[in-house]
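Novice: here is my input; please provide its structure:
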Amino acid sequence: MNVIYWFSGTGNSFYAAKKIAERLEDCDLLPISKLAQLPPDCERVGFVFPHYALGVPNLVREKLEDIDLSGNQSAYFFAVETCGAFPGSCLGQVNTLLKKQGAVLSYGTVIRMFANNVVNYDMKGDPAEKAAAAEPAIQAAAVAIQQKQAIKIPHTQLLYQLPYRAITATYPKKGLQFHADENCTGCGMCAKLCPAGNITMQNGRPMFGASCEQCVACIQWCPRRAIQFGNKTQARTRYHHPAIQAGELFRAAAPPAKKSLHSPQ
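Specialist: Sure, this is the predicted structure:
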């Protein structure tokens with residue numbers, strides 16, 4: 001069997017993982033929040049995720065640090081990084097983490113998709129056009145993975161790792177800066193989408209804790225544009241992959257955070 005673990009906020013990485021899984025046919029597609037121990041005797045094992053601050057998302061790194069590869073060290077491991085501009089050091093980072101568990105990353109690639117970190121900038125461009133432009137790269141990756149192609153994985157660059165650690169260390173508590181405005185209807189979509197379990201619903205309103213992954217799924221998928229990050233996002237556009245529905249990402253959610261630390265505004 002084959003298995004792909006994905007991490008996705010807006011659906012970009014999920015879309016790439018979904019298309020690769022379709023090519024492999026006998027393939028389980030699972031959110032990385034569910035990763036603990038691999039199924040026995042996997043033929044191919046993949047990780048698909050976005051580039052955050054020159055490296056992998058915190059949750060992806062933590063899962064790979066704790067992964068149990070018993071009986072699967074000889075599987076074909078691959079990684080696909082999605083990014084909006086230039087790539088970081090994700091592939092080397094994944095390879096280093098797998099080597100500590102006695103495995104090796106055989107294949108990795110970077111796919112450029114629509115840049116969507118709405119917390120840091122207003123998004124520009126045509127989402128449909130960008131999605132179409134990414135399609136050949138996704139299909140090429142799917143073929144390479146199906147054929148078990150191997151490439152030389154670049155080393156993790158120390159110059160990238162220093163800012164990566166510093167920046168991603170600030171992400172969890174940045175969750176406290178999210179809030180729901182007066183447009184919130186209490187639909188709960190944000191809580192269902194949160195891969196960190198950082199959002200709980202109390203009295204029909206979302207509560208944001210300090211375990212954020214900065215995936216911005218809550219902002220991007222809110223049907224009323226009611227989720228905001230401080231005072232930065234009120235006038236900014238919203239985005240999610242045009243071929244993905246929110247319900248496809250619901251199963252990514254981890255168990256709810258034990259304690260909410262921030263009341264809605």
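Novice: what about residue 133, which helix or strand?
Specialist: Under the criterion DSSP states H and E, the helix or strand holding residue 133 is helix 127-146.
Novice: by contact count, what packs against that helix?
Specialist: Counting contacts by 3 or more C-beta pairs under 8 Å, 6 or more residues apart in numbering; DSSP states H and E, the secondary-structure elements packed against helix 127-146 are helix 12-24, strand 76-83, strand 105-112. Backbone N, C-alpha and C define where each C-beta goes, glycine included.
Novice: now the longest one: buried residues?
Specialist: This means helix 12-24. With burial defined by 16 or more other C-beta atoms under 10 Å, the residues of helix 12-24 counted as buried are 12-21, 23-24.
Novice: tell me the one among those residues nearest to residue 84.
Specialist: Distance from residue 84 was checked for each of the buried residues of helix 12-24 by C-beta to C-beta. The minimum falls on residue 12, at 8.8 Å.
Novice: can I assume that closest one is in contact with residue 50?
Specialist: Yes: between residue 12 and residue 50 there is a contact under C-beta atoms under 8 Å: 6.5 Å.
Novice: mutual contacts of the two, please.
Specialist: Taking C-beta atoms under 8 Å, 6 or more residues apart in numbering as the contact rule, the neighbours common to residue 12 and residue 50 are residue 82.
Novice: for stretch 40-57, the distance to its chain's centre please.
Specialist: Here stretch 40-57 is found 9 Å from its chain centre; the criterion is C-alpha atoms, centre = their mean, to the nearest Å.
Novice: do the same with stretch 169-176
Specialist: 16 Å.
Novice: span of it from start to end?
Specialist: 14 Å (C-alpha to C-alpha, to the nearest Å).
Novice: please save the CA atoms from the helix holding residue 133 in PDB.
Specialist: As requested, the backbone C-alpha atoms of helix 127-146 are provided in PDB (Å, rounded to 0.1, in the frame of the first residue of the first chain):
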ATOM      1  CA  PRO A 127      -6.000  32.000  -8.300                       C
ATOM      2  CA  ALA A 128      -7.400  30.000 -11.200                       C
ATOM      3  CA  GLU A 129      -4.500  31.000 -13.500                       C
ATOM      4  CA  LYS A 130      -2.000  30.100 -10.800                       C
ATOM      5  CA  ALA A 131      -3.700  26.700 -10.200                       C
ATOM      6  CA  ALA A 132      -3.600  25.900 -13.900                       C
ATOM      7  CA  ALA A 133       0.100  26.800 -14.000                       C
ATOM      8  CA  ALA A 134       0.900  24.400 -11.200                       C
ATOM      9  CA  GLU A 135      -0.800  21.500 -12.800                       C
ATOM     10  CA  PRO A 136       2.100  20.300 -15.000                       C
ATOM     11  CA  ALA A 137       4.500  20.300 -12.000                       C
ATOM     12  CA  ILE A 138       2.000  18.300  -9.900                       C
ATOM     13  CA  GLN A 139       1.500  15.700 -12.700                       C
ATOM     14  CA  ALA A 140       5.300  15.400 -13.200                       C
ATOM     15  CA  ALA A 141       5.800  14.800  -9.500                       C
ATOM     16  CA  ALA A 142       3.000  12.200  -9.600                       C
ATOM     17  CA  VAL A 143       4.700  10.300 -12.400                       C
ATOM     18  CA  ALA A 144       8.100  10.500 -10.800                       C
ATOM     19  CA  ILE A 145       6.700   9.100  -7.500                       C
ATOM     20  CA  GLN A 146       4.700   6.400  -9.300                       C
END
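Novice: centre of the chain to it, how far?
Specialist: Per C-alpha atoms, centre = their mean, the displacement of helix 127-146 from the mean C-alpha position of its chain is 17 Å.
Novice: could you check the angle that helix makes with strand 76-83?
Specialist: An angle of 170 degrees separates the directions of helix 127-146 and strand 76-83 when computed by axes from the mean of the first three to the mean of the last three C-alpha atoms, to 10 degrees.
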